[in-house]
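Colleague: Sharing a model that was predicted from the sequence below.
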Amino acid sequence: MASLSEFLSSRLEGDLISWQAQLEAASRFKLTIGQIEEEILNAGFLPARYQRNRKTISAAEQLTLFRSRVVVIGCGGLGGYILEELARLGVGQLVAVDNDVFEEHNLNRQLLATISTLGRFKAEVAAERIASINPSVEIVPVKEAFTGENGERLLAGSQVVVDALDTIGARLLLSSVCGKLAIPLVHGAICGWFGQVSTQFPGEDTLGKLYLRCTEDRGMEKIYGNPSFTPAAVASLQTAEVCKILLGRGSLLRERVLCINLLAMEVDELQL
Amino acid sequence: MIKVTVKLFATLRHNRFKVAEREYSAAPTILAVAEELGILREELALTMVNGVLVSVEHVLQDGDTLSIFPPVGGG
């Protein structure tokens, strides 16, 4: 019987391995789809699903993404899009944390909220969605709220944490646990036509400055709510920051905040 | 007279303005400017003067540019 590397070589189209071949390899060699993916990337080939990444993200970088672990706290408006984009990007290990279930008022903006997911746990629905998009990704759904008790356990071993929460107190708690564990945090928040994005590295206190004066747990979104496009826009900016941190490329939003105004179509940058 | 440029961001522009020149007979605090504009204290998440983060008790000087950002916390 041919070895795995011989099998993969025999199924190459250029340097691409099709999904069908990846599936066959997993079945024939009794390995997971993820293990086959790592083998393909290790050999310098590319699973065909990533072929449109290649001029943006090299095969070596694709392997780095595959070996990365990202924790997304909150699977609602921001988190749903972020998880989707990270899975399509090819980040190999995702943890989706949310203790909420989908409700009717989520349908106007949350990617994973559909008629059939109403009443279901957001973290579980996220895991099913990701399994249906990219089975190479190992997704751990956690149906718990992020707290001081479980925080360190949930974030352990991750390279980046994403703040997709919806209360200020929980965001500040997340910021402090990330600081303690020395993990970079990508922050995003939305309100009506408006949003903000920032990246906080260990030792920095951007979130502390952003919310220093907030005595209430919610910002102006408690009045204005959120439409469909604001979470999608801000989530995409957050995902780009995660990608750059994992790959060590580009310029990050460290100690600065992008304030996005989709009504005026203006972006302002604050140095904090 | 003390002239101050006030820039408002996000929700604070509703029924107000994006940028305006304001005049005061005496140097006002940020809190006084906000009060005059009907902006509540809880809406003053970030207040910056000439690009530097300052407290709401900060006293504005002639020629200052004050930028006010509301709290944004939704997800």
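Modeller: Here it is on my side, so go on. Numbers count the residues shown, from 1 in each chain, chains lettered A, B, ... in the order given.
Colleague: okay, CA-based contacts and neighbour counts for the rest of this
Modeller: OK.
Colleague: Not counting sequence-adjacent ones, nearest residue to residue 47?
Modeller: Let's take chain A. Spatial nearest neighbour of A:Pro47, excluding adjacent residues (Cα to Cα, 6 or more residues apart in numbering or on different chains): A:Ile17 at 4.8 Å.
Colleague: Hmm, no, I was thinking of chain B.
Modeller: Nearest residue to B:Thr47, sequence neighbours excluded (Cα to Cα, 6+ apart): B:Ile68, at 4.8 Å.
Colleague: now swap in A:Gly148 and tell me
Modeller: Using Cα to Cα, 6+ apart, the nearest residue to A:Gly148 is A:Leu173, at 7.1 Å.
Colleague: a helix runs through the one you found, doesn't it?
Modeller: Yes. Under DSSP: H, G, I helix; E, B strand; the rest coil, A:Leu173 falls within a helix.
Colleague: Point out where the chain drops to low pLDDT.
Modeller: All of this refers to chain A. Chain A contains residues with pLDDT under 70 at A:1.
Colleague: now the helices for it?
Modeller: Secondary structure of chain A (DSSP state H): helices located at A:4-10, A:19-28, A:33-42, A:59-66, A:77-89, A:122-133, A:151-155, A:168-181, A:206-210, A:221-224, A:229-247.
Colleague: Dump these to a markdown table, plus mean neighbour count.
Modeller: Shown next, in a markdown table, are the helices of chain A (neighbours: other Cα atoms under 10 Å in any protein chain shown):
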| stretch | mean neighbour count |
| --- | --- |
| helix A:4-10 | 15 |
| helix A:19-28 | 16 |
| helix A:33-42 | 20 |
| helix A:59-66 | 20 |
| helix A:77-89 | 25 |
| helix A:122-133 | 20 |
| helix A:151-155 | 17 |
| helix A:168-181 | 20 |
| helix A:206-210 | 19 |
| helix A:221-224 | 15 |
| helix A:229-247 | 21 |
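Colleague: thinking again about what came up before, now the residue nearest to B:Thr47, which residues is it bridged with?
Modeller: Taking DSSP bridges, one obtains B:Leu8, B:Thr47 as the residues bridged to B:Ile68.
Colleague: among the helices of chain A, which is nearest B:Gly38?
Modeller: helix A:221-224 (16.3 Å; Cα to Cα).
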